[in-house]
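Student: need a 3D model of the sequence below.
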Amino acid sequence: MKKLILAALTASVALSPIAASAASAQGRQQEHHTTVVQRNGHVVKQTIVRQQAPQYRSNWRKGQRFDRQQARNYRQIDYRQYRGLRAPPRGYQYVQSGNDALLIGIGTGIIAAIVAGAIR
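Tutor: Okay, here's the model as predicted:
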C-alpha cells in the first residue's frame, strides 16, 4: 500500500510542471524557432520565441460573463461623456470594449446591456 501511495505521489510531483506549463500556454500563442549555427569553430544555438497577439472578442452577448482580458481597449467609462448612455443602475458600470459600451454588474461581471458603436 505504501508503494502505491508513494508511486502516485511521485507521478503527481513529476507531472505538475507539465500541467502548469500547458495551463499557462493556453492563454497565449507562441512560436518557437531553434537555429544551430557554427561560427569560428563554435556551435551557437539560438532559440527565438515569438508571441502572437491575444485574440480579442467583439461579439459580446447579454448574459455572458465579461472577461477584461478578451476585451479591446478595456477601460471604465463615464456615461455622461457619451451620447445614448443612460445612468447605470446601482451595482452596474459601463466599460469600453473596442467601440462598444457594455453595462456589466460590478459584483458578478455579467453583461446586462450592450450599446454597439457608442464610442467613436
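
Student: next SSE downstream of the worst-scoring helix or strand of the chain on mean pLDDT?
Tutor: Lowest mean confidence among the helices and strands of the chain (mean pLDDT, DSSP states H and E): helix 2-25, at a mean of 59. The helix or strand immediately downstream of helix 2-25 is strand 30-39, counting by DSSP states H and E.

Student: and that following strand, how far from the chain's centre?
Tutor: 28 Å (C-alpha atoms, centre = their mean, to the nearest Å).

Student: now do stretch 69-80
Tutor: 15 Å.

Student: ends of that stretch, what's the gap?
Tutor: End-to-end span of stretch 69-80 (C-alpha to C-alpha, to the nearest Å): 25 Å.

Student: in it, which residues are buried?
Tutor: Across stretch 69-80, burial judged by 16 or more other C-beta atoms under 10 Å covers 71, 74, 77, 79. For the C-beta atoms, the positions are set from N, CA and C on the backbone; glycine is no exception.

Student: swap in stretch 82-89?
Tutor: In stretch 82-89, counting by 16+ other C-beta under 10 Å, buried: 85, 88.

Student: tell me the centre residue of this protein?
Tutor: The C-alpha lying nearest the average C-alpha coordinate of the chain belongs to residue 69 (C-alpha atoms, centre = their mean; 4.0 Å).

Student: can I assume that residue sits in a helix?
Tutor: Yes. Counting by DSSP: H, G, I helix; E, B strand; the rest coil, one finds residue 69 located in a helix.
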